[in-house]
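Student: Quick one, fold the following:
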Amino acid sequence: MKNPSTFLPLNNNSQQPLLPQASPNNSSSRWKVILLTCLCTFGICYSDVFVRYEEDPFYETFHLDLVTENTGFIKIHGFSCIAPFIAGIVIYHSGVIRAYRFFILLLAIGRSFTFVSFQTQIWTLFVIGESLFYAANYGLLIAQIDMIIKWFRGKELSLAVGIVGLTNNVVCLLALYLYSMNILLVQRISSFEES
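Tutor: Residues are numbered from 1 along each chain as shown. Have a look, this model is predicted:
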C-alpha cells in the first residue's frame, strides 16, 4: 500500500505536501481527527435537542404572535441557506484546521445566545443565536468534508465517508436517547418529591 503522503497535492517549488497542519501523512492521525469531528457532532445534536424539544412552544416562551415567530424562523433558515457558501470562503482563506476552530467558537457563541434568550425572553437574541449556531454547524460539516476529501483517496475515501455518515447518525440518535432519559429521570424525581 502506498504512503498516504503520495496522495496529497504537492507544491511544485518545495515538493512538500500542502497539508502539513494536521499531520495527514500519518494514517492513524487522519482517522483520529475524523472520529473526533464526529464526536463534536454529538455535542451539537445534544444541545440542539434541548432547543427543539422545549416543553412550551416558542410563541408562549417568548410571548409572540405566530407571524413574528414564523418571520424569525424564516430569517434563521434564510441565513442558513447562504452559510455553506460563507463557510467555504472562510475555509479557502484560512485553511481547514483554523476554520474548524473558528466554527467551534462560533457554535458555542451562538448556542450561548440561544440559552440566554430563553432566560431573558428576548426573541431577537434567540434569532441571532440560532443563526450563528446553524451557520457554524454548516461550516463544521463542510470542514469535515474538506478534510475527508484531502486526506483520503481511493477505497479509503469511500470507507471514510461511510464511517463518518454512520457515526454522525449514531451520535445524533444517542443524543436524543440521552435527552429522553434525562426527561424521564426528572419526571421520576418530581413524582417522588410530590409523594
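Student: what about stretch 165-172, average pLDDT?
Tutor: Per-residue pLDDT values across stretch 165-172 average out to 83.
Student: contact partners of it?
Tutor: With contacts defined as CB atoms under 8 Å, 6 or more residues apart in numbering, stretch 165-172 is touched by 35, 38, 39, 41, 42, 45. From N, CA and C alone the C-beta is placed, and that goes for glycine too.
Student: Which helix or strand in the protein has the lowest average pLDDT?
Tutor: Taking mean pLDDT, DSSP states H and E as the measure, the chain has helix 58-61 as its least confident helix or strand, at a mean of 68.
Student: For residue 99, state which of the contacts of stretch 165-172 is nearest.
Tutor: In terms of CB to CB, no member of the contacts of stretch 165-172 lies closer to residue 99 than residue 41, at 16.5 Å.
Student: so what pLDDT did that closest one get?
Tutor: You'll see residue 41 listed with a pLDDT of 78.
Student: Could you measure from the nearest residue to residue 140 once chain neighbours are set aside over to residue 96?
Tutor: Leaving aside its sequence neighbours, residue 140 sits nearest to residue 103 (CB to CB, 6 or more residues apart in numbering; 4.8 Å). For residue 103, the distance to residue 96 equals 10 Å [CB to CB, to the nearest Å].
Student: which neighbours do the two share?
Tutor: Common neighbours of residue 103 and residue 96, using CB under 8 Å, 6+ apart, are residue 143.
Student: right, and residue 112 touches residue 129 too?
Tutor: Yes: in terms of CB atoms under 8 Å, residue 112 counts as a neighbour of residue 129; the distance is 7.1 Å.
Student: between those two, who's got more neighbours?
Tutor: residue 129 (23 against 13; other CB atoms under 10 Å).
Student: The more buried one contacts residue 113, correct?
Tutor: Yes: with contact defined as CB under 8 Å, residue 129 reaches residue 113; the gap is 2.9 Å.
Student: Off-centre distance for the helix or strand following the least confident helix or strand of the chain?
Tutor: As assigned by DSSP states H and E, the chain's next helix or strand after helix 58-61 is helix 66-94. Relative to the mean C-alpha coordinate of its chain, helix 66-94 is positioned 14 Å out (CA atoms, centre = their mean, to the nearest Å).
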